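1. Using only what follows, build the 3D model:
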Amino acid sequence: MASRAKHYDTIVVGGGSAGSCLANRLTADGSRSVLVLEAGRRDWALDPFIHMPAALTFPIGSPRYDWMYTTEPEPQMNNRRITQGRGKILGGSSSINGMIFQRGNPMDYERWAADPGMQTWSYANCLPYFKRMETCLAGADEWRGGAGPLVVERGPVRNPLFGAFFEAVQQAGYQLTSDVNGYRQEGFAAFDRNLRHGRRLSAARAYLYPVKHRRNLAVRTSTRVARIVIEGGRARGVEVIGRGGRERINADEVILCAGAFNSPQILQLSGVGDSAHLQSVGVEPVHHLPGVGQNLQDHLEVYVQHACKQPVSLNPNLKLWRRPFIGAQWLFLRSGPGASNHFEGGGFARSNEDVDYPNLMFHFLPIAVRYDGTAPAGGHGYQVHIGPMYSDARGSVLITTADPTQAPAIRMNYLSTAQDRREWVEAIAVARDILSQSAFEPFSSGEISPGPQVSTDEEVLDWVRRDGETAYHPSCTNRMGTDEMSVVDPQTMKVRGLDGIRVVDASAMPYVTNANIYAPVMMMAEKAADLILGNTPLPADPAPFYRHRAQS
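-> Residues are numbered from 1 along each chain as shown. The predicted structure is shown next:
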């Protein structure tokens with residue numbers, strides 16, 4: 001990639017999902033020099049732990065790939081510190097995630113647009129950018145794109161356990177849908193995935209590598225941004241820590257794309273945040289903005305697991321002696337068990353009649369295993385990942401020191417509200433109802449997690465406190481809006497009250513969507529690119545979408 005200069009028009013902080021997209025779009029006409037700074041390392045093309053889809057269990061929890069953040073002790077989770085994996089590599093978390101591509105429900109964006117000043121973030125305004133960024137191999141239509149950088153393929157769902165699952169959801173009273181990212185999200189279907197030719201397609205591989213030859217684009221890895229240099233109410237560049245020590249790099253504009261933990265951390269280290277808090281940790285306040293690091297949202301999940309009495313699950317693929325053969329088949333043929341993320345199907349449902357659109361997401365997996373690859377017991381099994389999708393619990397990300405190498409204090413406050421606890425009880429009841437249907441009779445030999453001994457509401461909540469873990473969707477810590485607790489102006493993506501600083505990543509979401517957040521982050525980056533470049537936004541697309549309740 002291009003050699004670095006002493007001054008850039010734009011510095012993009014973070015070479016992850018949003019940063020890769022912006023680097024591509026902002027350098028397209030050649031008139032703007034852009035430097036991408038990534039604190040992690042390069043995503044080497046021959047690294048199977050990144051690029052082999054089935055190897056996704058290896059990077060999570062490995063310090064080579066993962067920043068391995070943890071929360072502060074969570075009061076409602078037995079004071080456990082919950083691990084919070086984030087990608088420590090070019091491509092960010094898109095290089096280590098589960099590759100599940102979910103836009104969220106159209107009504108998520110209607111919710112965004114209902115806030116003051118947020119009207120241009122409605123579903124009709126966002127849909128054109130979802131379509132622009134993708135090539136949907138299942139076919140472009142009124143809702144799906146056909147010519148974008150992100151290739152999206154549909155899970156094959158050939159394992160007989162998927163057939164049982166889709167039959168069981170119908171027996172339980174739920175519907176199938178043709179496309180959870182199309183007209184109707186509510187229902188169950190094969191899932192879209194960011195895979196291409198049996199290989200992970202990260203944001204870096206989709207957006208950054210195809211344009212690495214551009215003379216106006218430079219990328220530096222293993223370079224941590226210590227702070228944004230702010231003088232006279234305007235960003236003048238950044239101070240970084242790299243292999244050569246500390247260094248200042250000047251720029252006309254700085255765009256934070258470092259994610260829900262690091263973007264608020266960098267702002268606070270730069271003196272932007274709640275002034276009293278900054279002073280208490282030894283940072284001189286530059287701009288009082290109390291919303292920085294507040295409003296943290298995430299999805300908590302558990303696995304409801306069953307033992308399987310037929311030898312049809314993926315369990316044999318976990319055996320050590322099989323791994324060389326799986327790896328060779330993937331390496332030379334891009335096929336076999338290694339060429340799938342195995343999260344091939346699932347769906348969305350409502351747990352009660354009070355909610356207007358699905359508050360539960362199900363990922364079905366034809367094996368009983370934890371996300372990090374550890375299994376609770378030997379033998380064949382299957383599971384659903386389940387949890388409430390728009391909890392009203394709110395947390396925070398706050399620095400505890402002026403040292404940029406120290407992780408911030410992360411507080412999720414899982415299970416801290418009555419709504420959250422109520423919907424957790426409902427979620428487990430719905431999952432158990434589906435898995436108990438007659439479609440699973442040929443396969444199930446009983447629930448192994450949480451197990452029949454967990455039956456009352458309080459026992460369910462106690463189990464969630466013991467076993468719940470993040471679904472890796474932290475967001476909303478620099479939320480867009482116009483009130484005093486908002487951080488980002490929704491019309492420009494600029495940090496409110498300052499010049500030359502923008503935020504474009506999951507931290508700018510006002511509310512977490514009801515699904516995986518990779519696709520929404522990429523949409524935000526596509527839309528933000530037009531705002532930054534001063535382009536006329538894509539015309540709103542009034543495509544219809546399913547509503548459970550008729551509009552009044």
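2. Enumerate every residue touching His548.
-> Shown in contact with His548 (CB atoms under 8 Å, 6 or more residues apart in numbering): Glu186, Arg350, Asp356, Tyr357. In this view, the C-beta of every residue, glycine as well, is placed from N, C-alpha and C.
3. pretty sure the third one contacts Met107?
-> Yes: under the criterion of CB atoms under 8 Å, Asp356 is in contact with Met107, at a separation of 6.3 Å.
4. Which neighbours do these two have in common?
-> Joint contacts of Asp356 and Met107 (CB under 8 Å, 6+ apart) are Arg547.
5. For those two, indicate the residue with more neighbours.
-> Met107 (21 against 14; other CB atoms under 10 Å).
6. which helices and strands does the one helix or strand that one maps to pack with?
-> Met107 belongs to helix 106-114 when assigned by DSSP states H and E. Applying 3 or more CB pairs under 8 Å, 6 or more residues apart in numbering; DSSP states H and E, one finds that helix 106-114 contacts helix 123-133.
7. residues in contact with the helix it packs on?
-> 21, 103, 106-110, 113, 140, 143-145, 148-150, 181, 519, 522-523, 526-527, 537-543, 545.
8. Kindly report the same for stretch 269-283.
-> Counting by CB under 8 Å, 6+ apart, residues outside stretch 269-283 touching it are 226-230, 264, 267-268, 284-290, 292-293, 398-402, 404, 495, 498, 501.
9. So which of the residues you listed belong to strands?
-> Within those, residues falling in strands by DSSP state E are Ala226, Arg227, Ile228, Val229, Ile230, His287, His288, Leu398, Ile501.
10. and the residues you listed, which are buried?
-> Neighbour counting over the ones in strands among the contacts of stretch 269-283 (16 or more other CB atoms under 10 Å) leaves Ala226, Arg227, Ile228, Val229, Ile230, His287, Leu398, Ile501 as the buried ones.
11. Just put those residues in JSON lines and tack on distance to Val211 and pLDDT.
-> Output for those, formatted as JSON lines (distance: CB to CB, whole Å; pLDDT from 0 to 100):
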{"residue": "Ala226", "distance to Val211": "28", "pLDDT": "98"}
{"residue": "Arg227", "distance to Val211": "28", "pLDDT": "98"}
{"residue": "Ile228", "distance to Val211": "25", "pLDDT": "98"}
{"residue": "Val229", "distance to Val211": "28", "pLDDT": "98"}
{"residue": "Ile230", "distance to Val211": "30", "pLDDT": "98"}
{"residue": "His287", "distance to Val211": "34", "pLDDT": "98"}
{"residue": "Leu398", "distance to Val211": "36", "pLDDT": "98"}
{"residue": "Ile501", "distance to Val211": "24", "pLDDT": "98"}
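12. still on that earlier bit, in terms of distance to Gly173, which of the contacts of His548 ranks first?
-> Arg350 (11.2 Å; CB to CB).
13. residues near the nearest residue in space to that closest one that is not next to it in sequence, how many?
-> Once flanking residues are discounted, Arg350 sits nearest to Pro358: 5.4 Å by CB to CB, 6 or more residues apart in numbering. Pro358: 24 surrounding residues under other CB under 10 Å.
14. again with Ala407
-> 18.
15. pLDDT weak spots in the protein?
-> The chain contains residues with pLDDT under 70 at 1-5, 371-378, 552.
16. ok, and what's touching whichever strand in it runs longest?
-> Longest strand in the chain by number of residues (criterion: DSSP E): strand 245-256. Strand 245-256 is contacted by residues 4, 6-14, 19, 22, 35, 37, 226, 228-229, 235-241, 263, 266-267, 478, 493, 500-505, 507, 532 when judged by CB under 8 Å, 6+ apart.
17. Which ones among those map onto helices?
-> Under the assignment DSSP state H, the contacts of strand 245-256 contribute Gly19, Leu22, Ser263, Ile266, Leu267, Ile532 to helices.
18. Roughly how far does the fifth one sit from Pro358?
-> The gap separating Leu267 from Pro358 is 33 Å, by CB to CB, to the nearest Å.
19. ditto for the first one
-> When CB to CB is applied, the distance between Gly19 and Pro358 equals 30 Å.
20. State the three-state secondary structure for Val384.
-> strand (DSSP: H, G, I helix; E, B strand; the rest coil).
21. Contact partners for it?
-> Counted by CB under 8 Å, 6+ apart, Val384 has contacts Phe165, Tyr303, Val304, Gly346, Phe362, His363, Phe364, Leu365, Ala431, Ile434, Leu435.
22. so it bridges to which residues?
-> When assigned by DSSP bridges, Val384 has beta-bridge partners Val304, Phe364.
23. swap in Ile228?
-> Val238.
24. Contact partners for it?
-> If you count contacts by CB under 8 Å, 6+ apart, then Ile228 has Ala235, Gly237, Val238, Glu239, Val254, Ile266, Leu267, Ser270, Val272, Ile501 around it.
25. what about the fourth one, neighbour count?
-> Neighbour count for Glu239, taken as other CB under 10 Å: 17.
26. Can you give me the distance of it to Leu498?
-> 17 Å.
27. Identify all contacting residues around stretch 138-150.
-> Contacts for stretch 138-150 (CB under 8 Å, 6+ apart): 24, 101, 127, 130-136, 152-154, 179, 181-183, 192, 194, 201, 203, 206-207, 210, 522, 543, 545.
28. Could you tell me the end-to-end distance of that stretch?
-> 13 Å (CA to CA, to the nearest Å).
29. who touches the longest helix seen in the chain?
-> For the chain, the longest helix by residue count, based on DSSP H, is helix 418-435. Helix 418-435 is contacted from outside by 165, 168-169, 172, 174, 302, 304, 306, 349, 351-352, 359-360, 362, 384, 386-388, 391-393, 414-415, 444, 447, 450, 457, 460-461, 464, using CB under 8 Å, 6+ apart.
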